[in-house]
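*Asks:* sequence plus the predicted model coming up.
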Amino acid sequence: MTATAPFPLTWLYVPGDRPHVVTKALACGADVVVVDLEDAVAPERKDYARAATAELLTEPPPVPVHVRVNPVGTPSAAADLAAVAARPGLAGLRLPKVTSPRQVAWVAEHTEQDGVDGAAGDGSGPPLYALLESALAVERAYAIASAHPSLCGVSLGESDLRADLGVRHDAGLDWCRARVVVAARAAGLAPPAQSVHPDIRDLEGLAASCAHGRALGFLGRAAIHPRQLPIIERAYLPTDRELEEAEAVVKAATADRGAQALADGRFVDAAVVAAAQRTLALARRW
């Protein structure tokens, strides 16, 4: 299985029934390419999308590839898992519309190595990522985030969630966003990536939304067009000033001095040092 790089910031969605678009996406600079077999594919095209994606994943592609399957419990989801879960080029499965930890556990158990076709598995199935897209899913965020060791991340599907809640303004989703950030952290998972910004022409709005998401605790963002990728990267990578401050904190910290104040008046303790170390680790990915 292809491993996803540490600290991915961009997750580019592409429709699974357009192999030429998938090929272009693999070369456009995204950290992860997400081949979509769900919402982006019409019902009559799902068989073709599934077959094309399985062929793509026969060998590890140049960029980690995740596959968003159809909702767990549907015939299409079962066919998706049978087609792609054991492919050597698969780096992760994204599970849409998850509302229960049982759904995550079911997928994990049915995608264990050698277990896709019904044989007993060895527990080494693909990494799973749950998409929370309803009020019920948000209420169960921590239970879902801690459902199984194979689950590596949770995130929101804001389009469906917005419709479910009847939210008219973007700020109406902030409580849900904070909830999933806290749930991920409590379950020991990586910070969630933001949901897509649906207007591919609104790059200023995308930048502002990314800055807001970063302030809420998100890390990186899903995209639906390559032009969104550099905006997301700039928003989430540390600035020069943030790097300088982080380096100063780490340099000043010692194991035996405990909390202290820097020359500029900033207070430094273990939590501040840990945050600074995360900032430097993120910068080193480049």
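*Replies:* Arrived safely, thanks for sending.
*Asks:* show me the shaky parts of the stretch 101-250 of the chain.
*Replies:* By pLDDT under 70, the low-scoring segments of the stretch 101-250 of the chain are 113-123.
*Asks:* any chance you could map the helices in the stretch 1-150 of the chain?
*Replies:* Assigned by DSSP state H, counting those that start in this stretch, the helices in the stretch 1-150 of the chain fall at 19-25, 46-56, 75-84, 101-110, 135-139, 141-145.
*Asks:* isn't E112 right up against G125?
*Replies:* Yes - contact criterion C-beta atoms under 8 Å: E112 and G125 qualify, at 4.5 Å. All C-beta atoms are positioned from the backbone trio N, CA, C, and that covers glycine.
*Asks:* just the buried positions in stretch 169-180, please.
*Replies:* Residues of stretch 169-180 classed as buried by neighbour count (16 or more other C-beta atoms under 10 Å): 173, 176-177, 179-180.
*Asks:* who has more neighbours out of E112 and G125?
*Replies:* G125 (26 against 19; other C-beta atoms under 10 Å).
*Asks:* just give the nearest non-adjacent residue to G213, would you?
*Replies:* Nearest residue to G213, sequence neighbours excluded (C-beta to C-beta, 6 or more residues apart in numbering): Q194, at 4.2 Å.
*Asks:* contacting residues for the closest residue to A42 other than its chain neighbours?
*Replies:* Excluding its sequence neighbours, the residue lying closest to A42 (C-beta to C-beta, 6+ apart) is D17, at 7.7 Å. Residues in contact with D17 (C-beta atoms under 8 Å, 6 or more residues apart in numbering) are 40-42, 45-46, 48-49, 52.
*Asks:* V22 now?
*Replies:* Neighbours of V22 in contact, by C-beta under 8 Å, 6+ apart: 14, 16, 33, 35, 52-53, 56.
*Asks:* quick one: it from G217, how far?
*Replies:* From V22 across to G217, the span is 31 Å (C-beta to C-beta, to the nearest Å).
*Asks:* tell me the strands in the protein, going along the chain?
*Replies:* Along the chain, counting by DSSP state E, strands occupy 10-15, 32-36, 65-68, 90-95, 128-132, 151-156, 221-223, 260-261, 267-268.
*Asks:* from the contacts of D17, which two are the most distant?
*Replies:* A42 and A52 (14.0 Å; C-beta to C-beta).
*Asks:* which ones are touching the residue nearest the centre of the chain?
*Replies:* In the chain, the centroid-proximal residue (C-alpha atoms, centre = their mean) is A193; its distance is 4.8 Å. By C-beta under 8 Å, 6+ apart, A193 lies in contact with 8-9, 11, 153, 155, 218-222.
*Asks:* give the buried residues for stretch 35-50.
*Replies:* Buried, per 16+ other C-beta under 10 Å, within stretch 35-50: 35-38, 40-41, 45-46, 49-50.
*Asks:* let me see the mean pLDDT of it.
*Replies:* Averaged across stretch 35-50, pLDDT comes to 97.
*Asks:* burial count for S100?
*Replies:* The number of residues packed near S100 is 17, by other C-beta under 10 Å.
*Asks:* distance of it relative to P75?
*Replies:* Using C-beta to C-beta, S100 is found at 19 Å from P75.
*Asks:* T111 too?
*Replies:* According to C-beta to C-beta, T111 stands 17 Å off from P75.
*Asks:* more neighbours: these two, which one.
*Replies:* Using other C-beta under 10 Å as the criterion, T111 and P75 rank with T111 on top: 23 against 9.
*Asks:* give me every residue that touches that one.
*Replies:* Here T111 is in contact with 81, 85-86, 93, 121, 125-126, 128, 150 (C-beta under 8 Å, 6+ apart).
*Asks:* cool, D39 as well?
*Replies:* Residues near D39 by C-beta under 8 Å, 6+ apart: P96.
*Asks:* cutoff 6 Å now
*Replies:* By C-beta atoms under 6 Å, 6 or more residues apart in numbering, the contact set of D39 is empty.
*Asks:* what about A163, neighbour count?
*Replies:* Using other C-beta under 10 Å, A163 is surrounded by 11 other residues.
*Asks:* what's the spacing between D160 and P61?
*Replies:* Distance from D160 to P61, by C-beta to C-beta: 28 Å.
*Asks:* same check on T23?
*Replies:* When distance is defined by C-beta to C-beta, T23 is 9 Å away from P61.
*Asks:* more neighbours: the two, which one.
*Replies:* Each of T23 and P61 has its neighbours counted (other C-beta under 10 Å); P61 has more, 19 against 13.
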